[in-house]
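Novice: what's the 3D shape of this:
(chains A and B)
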Amino acid sequence: DIQMTQSPSAMSASVGDRVTITCRASQGINNHLAWFQQKPGKVPKRLIYSSSSLQSGVPSRFSGSRSGTEFTLTISSLQLEDFATYYCLQHDGYPITFGQGTRLEI
Amino acid sequence: EVQLVESGGGLVQPGGSLRLSCAASGFNFGSYWMAWVRQAPGKGLEWVGNIKQDGSEEHYVASVRGRFTISRDNAKNSLYLQMNSLSAEDTAVYYCVRRYCGGSTCDSGGDFEYWGQGTLVSVSS
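Specialist: So this is what the prediction gives:
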C-alpha cells in the first residue's frame, strides 16, 4: 500500500501568513495527487489536482508543487476563510489513500 | 450542473445491513468512474471503494472487502453501496464521489472531482 505522510497535523497561523503543507508518498505516485479543503460540517472541496493544477474557481493564492515523492500545498497569503482542514489524496495505486489531514487554525 | 444526492443512511444494529444510493445528474453518468468515501465522526477521510464506468471493475479498501459491494445502474444514473455485517467502526458519513476523467485518467480513474452532500450511517445497538 502507498502511505501518505502529511505534515504538520495541525498548525496555527495568522491572516497574511504564507503556509505550506506537505505530503510525502512512500513510493512514486507520478502526479496522481490532489489537495482538498474541508470546513467543519461541510463537504470536502477540491483545490488542486494532478499535483499542481488549480481547480477552476479556487483563488490563485493556492498552489501545488512536487519534488519527487514530496508534494506541497502552499497558501501564499492566508485569508480568514482559509482556516480549515486540508487533505492530500493519492490515486496512483490501490488502495487510494488520503493523508491524515492538517488542521489550520487561527 | 453536476449533482450527486445520497440516500439510505440511518441507524442500524451491529451485524445488520444497509444499502446506500446515489442519484447522479448533470453529466453522462456512464462515462465516469464512481467512488464512495467515508468519514467517521471527528476523523479523516477514507476511500471505501470504486467502480469502473461499465461496472466491469471494482476495488475496495481492505477493511470493507467481502462485506461491502458497489454497483451501478447506468440507465438509472445511480450508484449503490450494499453494506453487510456492519460494525461500530463503519459509523461515518458516506460520500458519493465522481472521479475525474481527463486524458489518460478516464480509463484508470482520476482524483475525486465532485462530491455529494453525504449520508450518515450509524451502527449502534
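
Novice: neighbours around B:Ser21, how many?
Specialist: The number of residues packed near B:Ser21 is 17, by other Cβ atoms under 10 Å in any protein chain shown. C-beta: built from backbone N, CA, C; applies to glycine.

Novice: close to chain A: what parts of chain B are there?
Specialist: B:35, B:44-47, B:50, B:59-62, B:95, B:99-100, B:109-113, B:115-118 (Cβ under 8 Å from any Cβ of the partner chain).

Novice: can you rerun that using 10 Å?
Specialist: Within chain B, the positions adjacent to chain A are B:4, B:33, B:35, B:37, B:39, B:43-50, B:59-63, B:65, B:93, B:95, B:97, B:99-100, B:102-103, B:105, B:108-118 by Cβ under 10 Å from any Cβ of the partner chain.

Novice: among those, the buried ones, what's the ChimeraX command?
Specialist: A single ChimeraX command is used to select the members of these judged buried by 16 or more other Cβ atoms under 10 Å in any protein chain shown:
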select /B:4,33,35,37,39,45,46,47,48,49,50,59,60,61,93,95,97,99,100,105,109,110,111,112,113,114,115,116,118
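
Novice: work out for me the element residue 48 sits within.
Specialist: This is for chain A. Using DSSP states H and E, A:Ile48 maps to strand A:45-49.

Novice: that's the wrong chain, I wanted chain B
Specialist: Going by DSSP H and E, B:Val48 is in strand B:45-51.

Novice: each with direction, which strands does that strand pair with?
Specialist: Strand B:45-51 has its sheet partners listed here by DSSP bridges as strand B:34-39 (antiparallel), strand B:58-60 (antiparallel).

Novice: run the chain-centre distance for the shortest one.
Specialist: Average the C-alpha atoms of strand B:58-60, do the same for its chain, and the two points are 11 Å apart (Cα atoms, centre = their mean, to the nearest Å).

Novice: bridging residues for the closest residue to B:Phe112 other than its chain neighbours?
Specialist: Among residues not flanking B:Phe112 along the chain, B:Val97 sits closest, at 4.6 Å (Cβ to Cβ, 6 or more residues apart in numbering or on different chains). As for beta bridges, B:Val97 partners with B:Ala35, B:Trp115 under DSSP bridges.

Novice: nice, that's everything, thank you.
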